[in-house]
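Enquirer: got a predicted model here, sequence first, then my questions.
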Amino acid sequence: MSRILLLNIIRFIVLITMQVFLFKNMGYYNLATPYPYILFLLMLPLGMPKWLLFVICFFTGLIVDGFYDTLGVNAAACVALAFLRTTFISITVQLENHETFATPSISEMSFRWFFIYCLVLSLSHHFVLTLLEAFTFSNFHYTLVRAVLSCIFTVLLILLFSLLFYQRSRR
Amino acid sequence: MRNLWIFISKYNNFFLFILFFSAAVALIVKNNGFQRASALNSSNTVIGGIYQKIDNFTQYLNLKQTNKDLSEENAYLRSQLKSSLYSKLIEQDSVLDSLGQTQYTYIVARVINNSIHQKNNYLTINRGSEEGIVKGMGVISSHGIVGIVLNVSPHFATIQSLLHADTRVSASLANSNAFGSLVWGTENFDSRKAILKDIPNHVKVRPGEEVVTSGYSLFPPGISIGRVIKTGKSGDSFLDIEVKLNNDFNTLQYVYVIKDQFASEKRQLEGDTIATNE
C-alpha cells in the first residue's frame, strides 16, 4: 500500500520533471508535441475512488499548465482522460477486491490491453488538449492532425518507458 | 430527492467529469487571453447576431418616424446653407466730393431670376424696398444697361428688362450726340441686339460707332450700351439703327441699381411744367 503510494509519488515527480524540462522542448514542427506525463495518470491504481482520480488528474493537469502557461488546458484534458479511464476500465476489467491497488501496466495486464488503453486515453487527452488550445472549430483538420501525431509520439514514449521498467509478470 | 441522489451517484463518473471539466474550462477562459477573447467574441457573435436581427426588424417598423426625422433635419440643414441666407449686407457707394454733390449712388444686387426668351422679359433681384429700391430706378450691369425697376417688395424687386417691348431708353450716339430711343421687341427678338430709333436722317452713322446713354432718362449719361452694326432708313426722316448690345443678358449675375438723388425733384419739376403748359 505504502509502496504503491511511494511509487506513484516518484513516478509523478519524475514524469512531471521530464515533461516540463525535457519534452516541453521537443516537438515535430509544431505538429506533434509529446505529453508522456499522462503515464502517471494511466498508472494510478485501478480501483481508486473516482472522485480522487478526478482530483488528482485535475491538479496534475494544473501543475503542468503552470509550467506551460496555459492555465486549465491540460487540466481539462486530464479530466477528460480520467473520465475515459474510468469508463474504459469499467468496461474491460472485472475488478476483484484484492486488485483495487493493482497498477495498470504491461506486467500486470497484457501488452495488448495496455497498448489499447494507452492509445485510447492519450488520444482523448490530446484531442481535448489541442482543441482547447486552438479554441476554435475552424482549421479542424489541422487540430485533428496535431492530436493524432502527438498521440503517436506520446504512445511511443509511454511504451518505451513501460518496457524500460518492465517487470516479469507476477501473475 | 432520493431518486435524484441515486441517479447522481449512479452516474457519478459523468457528473464528476462535467464538474471538473467545466472548472478547467472556466480556468482557461478566465486566465488565457486568447481563449477569453475568442470565447467573448463567439458569444458576442451569437448575441450580436440576434440583436442585429431584432434591430433590423425594429428599424423597419421605425422607418416612417426615421424618414420624418431625416426630412426635418434636411430642412433644418438646408436653412443653414449659405445659399438660403438672405444677405443683409448692402454694398452701396457714394463719393463725398466738395465740388460736386453725388447724384447717383449704386446698390449692388444679385440676379436671382432671369429670362431672355420671352417676348417681354423680366428679372428679379435680391434687393427691395428695405435696401432703398423704389419703383422706376434704372438698373445697369458692368457692361451696359439692364432695365428699369418695375415692382418692389421688402426684399426683392422685379426689373423690366431692356428686352421688353415697352422699355424705351434714351440713348445717343457717342460721336454726334444725336439721341433717340433704344427699343427691343419689334421685329427683333435677338437678346443681343436692340434698335435705336428716332435718329434724324441727316446724322452720319458709321458701323462700329458707340451708343451710350443720353442722361435724359434714369441713367447717368455716357454709359456704354453697345455698338452700331447696321444703319437703315425707316420711312421718312428717321434712321433705324441696329445696335449690338454689350450686355449678355444670358449670363447676368450682378447688377447695380441706380439711385438718383434728384429723381423725385426732376420728376416733380417736369410734372409741374407739363401742368402749367396745359
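Expert: Yep, that arrived.
Enquirer: contact residues of chain A facing chain B?
Expert: Within chain A, the positions adjacent to chain B are A:50-51, A:54-55, A:57-58, A:61-62, A:70-73, A:75-76, A:79-80, A:82-83, A:86-87, A:90, A:132, A:135-136 by Cβ under 8 Å from any Cβ of the partner chain. C-beta here means a position set from N, CA and C on the backbone, and glycine is covered the same way.
Enquirer: can you tell me which of those are buried?
Expert: A:50, A:54, A:57-58, A:61-62, A:70-73, A:75-76, A:79-80, A:82-83, A:86, A:132, A:135 (16 or more other Cβ atoms under 10 Å in any protein chain shown).
Enquirer: quick check: buried residues in stretch B:134-142?
Expert: For stretch B:134-142, a neighbour-count test (16+ other Cβ under 10 Å) marks B:M137, B:G138, B:V139, B:I140, B:S141 as buried.
Enquirer: where in chain B is pLDDT low?
Expert: Where chain B drops to pLDDT under 70, the residues are B:40-43, B:82-102, B:233-236, B:278.
Enquirer: make it 50
Expert: By pLDDT under 50, chain B contains no weakly predicted segment.
Enquirer: gap between A:F101 and chain B?
Expert: Distance, A:F101 to chain B, by Cβ to the nearest Cβ, to the nearest Å: 20 Å.
Enquirer: CA atoms of stretch B:217-225 as PDB?
Expert: Taking Å, rounded to 0.1, in the frame of the first residue of the first chain, the C-alpha atoms of stretch B:217-225 are listed here in PDB:
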ATOM      1  CA  SER B 217     -33.700 109.300 -68.600                       C
ATOM      2  CA  LEU B 218     -33.000 107.300 -65.500                       C
ATOM      3  CA  PHE B 219     -29.400 106.500 -66.300                       C
ATOM      4  CA  PRO B 220     -26.300 108.700 -65.900                       C
ATOM      5  CA  PRO B 221     -25.000 110.000 -69.200                       C
ATOM      6  CA  GLY B 222     -22.300 108.200 -71.000                       C
ATOM      7  CA  ILE B 223     -22.800 104.600 -70.000                       C
ATOM      8  CA  SER B 224     -21.800 102.400 -72.900                       C
ATOM      9  CA  ILE B 225     -24.700 100.300 -74.300                       C
END
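Enquirer: could you pull up the residues touching A:V93?
Expert: A:L46, A:M109 (Cβ atoms under 8 Å, 6 or more residues apart in numbering or on different chains).
Enquirer: A:I106 too?
Expert: A:F114, A:S162, A:L163, A:Y166.
Enquirer: going through those residues, which ones are buried?
Expert: A:F114, A:S162.
Enquirer: now the contacts of A:I106 in TSV, with pLDDT and secondary structure?
Expert: Shown next, in TSV, are the contacts of A:I106 (pLDDT from 0 to 100; DSSP: H, G, I helix; E, B strand; the rest coil):
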residue	pLDDT	secondary structure
A:F114	87	helix
A:S162	85	helix
A:L163	85	helix
A:Y166	74	coil
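Enquirer: now the contacts of A:I106 as a markdown table including distance to A:P104?
Expert: Below are those laid out as a markdown table (distance: Cβ to Cβ, whole Å):
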| residue | distance to A:P104 |
| --- | --- |
| A:F114 | 7 |
| A:S162 | 10 |
| A:L163 | 15 |
| A:Y166 | 14 |
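Enquirer: residue nearest the centroid of chain A?
Expert: In chain A, the residue lying closest to the centroid (Cα atoms, centre = their mean) is A:I38, at 2.4 Å.
Enquirer: that residue is in contact with A:L121, isn't it?
Expert: Yes - contact criterion Cβ atoms under 8 Å: A:I38 and A:L121 qualify, at 7.0 Å.
Enquirer: overlap in contacts, the two.
Expert: Shared contacts of A:I38 and A:L121 (Cβ under 8 Å, 6+ apart): A:L81.
Enquirer: and B:N12, how many residues sit next to it?
Expert: By other Cβ atoms under 10 Å in any protein chain shown, 16 other residues sit near B:N12.
Enquirer: since that was my last question, I'll sign off now.
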